[in-house]
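>>> 3D model of this:
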Amino acid sequence: MPPSEKNKKKKRPSFLEKMNHLRQEYFRKDFIIGLIVEPKYFWLSAIVFLVAEIVVNIMIIHNVKYTEIDWIAYMQEVEGVVNGTTDYTKLRGDTGPLVYPAGFVYMFLGLYHLTSRGTNIRLAQYIFAAFYIITLMLVFRIFHKSRKLPPYILIFLCCTSYRVHSIFVLRLFNDPVAMMFFYAAMNFFIDNHWSLGSLFYSLAVSIKMNILLFAPALLLAYFHCLGIKDTIKQLIICAGTQLVLGAPFLIKNPIGYLKMSFDIGRVFLFEWTVNWRFLSEETFVNPWFHLLLLAVHVALLVVFAFTHWNRYLASYATLQNIGIDSEMGCQLFILPLFVSNLIGIAASRSLHYQFYIWYFHTLPYMLWTTRFSVTFRLLILGVTELCWNTYPSTWWSSALLHCCHLTVLAGIYHNRPTDKRTEKLKRALEKTN
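This next block holds a predicted model:
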């Protein structure tokens with residue numbers, strides 16, 4: 001071989017160069033795998049899904065037919081206020097009387113003016129798409145701070161749920177607006193901005209009363225973290241917000257306003273129930289059945305308060321007192337509120353299709369606090385989605401939905417904080433201190 005050819009011959013890499021190349025390759029793959037399974041990379045993956053959701057929502061708005069259900073009724077109800085009516089008993093729409101608190105009126109009054117008296121549906125859809133993205137950002141921030149969920153769970157939180165997208169951009173319900181304000185409150189709470197959290201929590205309640213399902217655990221959190229004096233302060237903020245928002249209606253007809261906007265005895269229509277289809281209509285509307293559900297609701301709250309929440313929130317308060325803001329502390333605060341809401345949903349007198357948004361984003365978090373296998377957790381998510389997408393509901397879809405709720409609650413209860421686990425946490429806190 002000529003010398004020129006020898007010079008052109010490619011130099012073989014040394015052993016050290018090979019090892020360095022393999023090490024770089026390993027870290028590259030490790031990072032990619034981390035983006036899928038490591039909770040610390042949750043926000044990086046979340047950014048990708050947020051961009052994807054913007055595209056998906058635009059495609060839905062332009063390619064899927066809008067379905068009118070309550071939007072026109074909402075506009076008719078707030079139009080009564082525009083026309084000068086502040087007697088709540090006289091505010092009505094095509095679907096019946098106004099049954100939401102005053103925050104709903106102000107929120108949808110703003111939408112009324114922005115959408116040319118509710119006639120510009122396309123603009124309303126884009127506004128609700130923005131609400132959807134804001135809600136996801138708030139939820140993702142909570143999960144990112146908790147370091148609990150693997151990034152691959154985003155596949156099930158984004159893009160894949162037809163029902164959730166429908167609730168936002170195809171139906172324009174008030175439920176997702178209330179939940180958006182609630183998740184904003186949660187972010188303030190975990191950042192230790194209690195007064196702002198209480199303000200946004202009360203604003204959420206003023207849009208729809210279902211937000212009160214979180215209240216039992218939140219009240220315990222107030223007591224454990226703030227003490228009695230500051231708890232009273234937070235309750236004053238919550239109550240004061242309701243009084244300020246409701247003032248024009250309370251002055252005109254206080255009894256009418258309270259009866260219409262906070263009616264806990266309202267009877268739901270059997271034809272729309274998602275969770276009690278396997279019962280007869282006679283049983284469904286029976287007052288004794290409602291009392292039984294209330295008793296079950298209270299009993300479950302008491303059980304979880306004494307076996308879970310007191311210990312979780314006491315540990316969270318300890319972390320707050322020594323100035324530690326950790327993912328462990330975030331987890332201790334989040335779970336009681338999410339479980340309190342799930343208990344209320346599981347014992348609800350009736351669930352309608354838009355109510356899925358009440359707990360859709362919290363289900364993965366609760367499942368990942370159980371000892372179930374990953375496969376079983378994903379199965380529960382899939383079956384729950386199936387139940388909520390079965391229209392009209394059937395006896396089996398309602399029964400399966402109850403099975404899913406009870407399974408999640410049982411899994412969380414089984415993984416309750418024992419004395420041994422509590423002592424371990426205390427020792428960890430002492431070392432940290």
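>>> so the spatially closest residue to residue 411 that is not a sequence neighbour, which of the three states?
Distances taken as CB to CB, 6 or more residues apart in numbering put residue 370 closest to residue 411, at 3.2 Å, once the chain neighbours are dropped. C-betas here are computed from N, CA, C, even on glycine. Counting by DSSP: H, G, I helix; E, B strand; the rest coil, the backbone at residue 370 sits in coil.
>>> cool, residue 65 as well?
Three-state assignment for residue 65 (three-state DSSP): coil.
>>> now residue 85: phi and psi?
When read as degrees, to the nearest 10, the backbone of residue 85 gives phi -80, psi 120.
>>> contacts only, for it.
Neighbour list for residue 85: residue 91 [criterion: CB atoms under 8 Å, 6 or more residues apart in numbering].
>>> roughly how far apart are the nearest residue to residue 304 once chain neighbours are set aside and residue 37?
Computed as CB to CB, 6+ apart, the closest residue to residue 304 that is not its neighbour in sequence is residue 339, at 5.9 Å. From residue 339 over to residue 37 the distance is 25 Å, taken as CB to CB, to the nearest Å.
>>> between the two, who's got more neighbours?
residue 339 (28 against 10; other CB atoms under 10 Å).
>>> quick check, that one in a strand?
No. Assigned with three-state DSSP, residue 339 falls outside any strand and is helix.
>>> for this protein, what's the longest helix?
For the chain, the helix with the greatest residue count under DSSP state H is helix 215-252.
>>> that helix: what's the following helix or strand?
Per DSSP states H and E, the first helix or strand lying C-terminal to helix 215-252 is helix 254-261.
>>> just the buried positions in the following helix or strand past that next one, please.
Moving toward the C-terminus from helix 254-261, the next helix or strand (DSSP H and E) is helix 281-284. In terms of neighbour count (16 or more other CB atoms under 10 Å), helix 281-284 has its buried residues at residue 284.
>>> and residue 307, how far from residue 417?
The gap separating residue 307 from residue 417 is 8 Å, by CB to CB.
>>> more neighbours, these two?
Taking neighbours as other CB under 10 Å, residue 307 and residue 417 compare with residue 417 leading, 18 against 13.
>>> need the contact list for that one.
Listed by CB under 8 Å, 6+ apart, the contact set of residue 417 reads 307-308, 311-312, 425.
>>> just those now: which is nearest residue 199?
residue 312 (24.2 Å; CB to CB).
>>> from residue 224, how far off is the closest one?
Taking CB to CB, one finds residue 312 at 9 Å from residue 224.
>>> what do you get for residue 248?
37 Å.
>>> okay, these two: which has more neighbours?
A direct count of neighbours by other CB under 10 Å for residue 248 and residue 224 places residue 224 higher, at 23 against 13.
>>> I'd say residue 344 and residue 215 touch.
No. In this structure, residue 344 is not within contact of residue 215 by CB atoms under 8 Å, at 9.3 Å.
>>> who has more neighbours out of the two?
The residue with more neighbours, out of residue 344 and residue 215, is residue 344; 20 against 16, by other CB under 10 Å.
>>> so what's the more buried one up against?
Taking CB under 8 Å, 6+ apart, one finds 210, 213, 297 in contact with residue 344.
>>> save those residues as JSON lines, and put in neighbour count too.
Output for the contacts of residue 344, formatted as JSON lines (neighbours: other CB atoms under 10 Å):
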{"residue": "210", "neighbour count": "21"}
{"residue": "213", "neighbour count": "21"}
{"residue": "297", "neighbour count": "19"}
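>>> looking at residue 322 now. What's its pLDDT?
Residue 322 is assigned a predicted lDDT (pLDDT) of 68.
>>> then residue 326?
Per-residue confidence at residue 326 stands at 62 (pLDDT).
>>> list the buried residues of stretch 146-163.
Buried residues in stretch 146-163, counted by 16+ other CB under 10 Å: 146, 148-151, 153-154, 156-158, 161, 163.
>>> now swap in stretch 358-369 and tell me
By 16+ other CB under 10 Å, the buried positions in stretch 358-369 come out as 358-369.
>>> likewise for stretch 66-79?
Under the neighbour-count criterion of 16+ other CB under 10 Å, stretch 66-79 has 66, 70-79 buried.
>>> repeat that for stretch 288-301.
By neighbour count, with 16+ other CB under 10 Å as the criterion, the buried positions of stretch 288-301 are 290, 293, 297, 300-301.
>>> and for stretch 399-407?
Buried residues in stretch 399-407, counted by 16+ other CB under 10 Å: 400-401, 404-405, 407.
>>> out of these, which comes closest to residue 284?
Using CB to CB, residue 401 comes nearest to residue 284 of those, at 15.1 Å.
>>> quick one on the thing from earlier: the residue nearest to residue 304 and residue 394, how far apart?
For residue 339, the distance to residue 394 - CB to CB - is 28 Å.
>>> in the stretch 51-200 of the chain, where is pLDDT below threshold?
By pLDDT under 70, the stretch 51-200 of the chain has no low-scoring segment.
>>> so where do the strands sit in it?
Secondary structure of the stretch 51-200 of the chain (DSSP state E, counting those that start in this stretch): strands at 92-93, 96-97.
>>> need the winner for burial among these.
Ranked by mean neighbour count, the strands of the stretch 51-200 of the chain are led by strand 92-93 with a mean of 16 (mean count of other CB atoms under 10 Å).
>>> partners of that strand, with directions?
Next to strand 92-93 in the sheet, as set by DSSP bridges, lie strand 96-97 (antiparallel).
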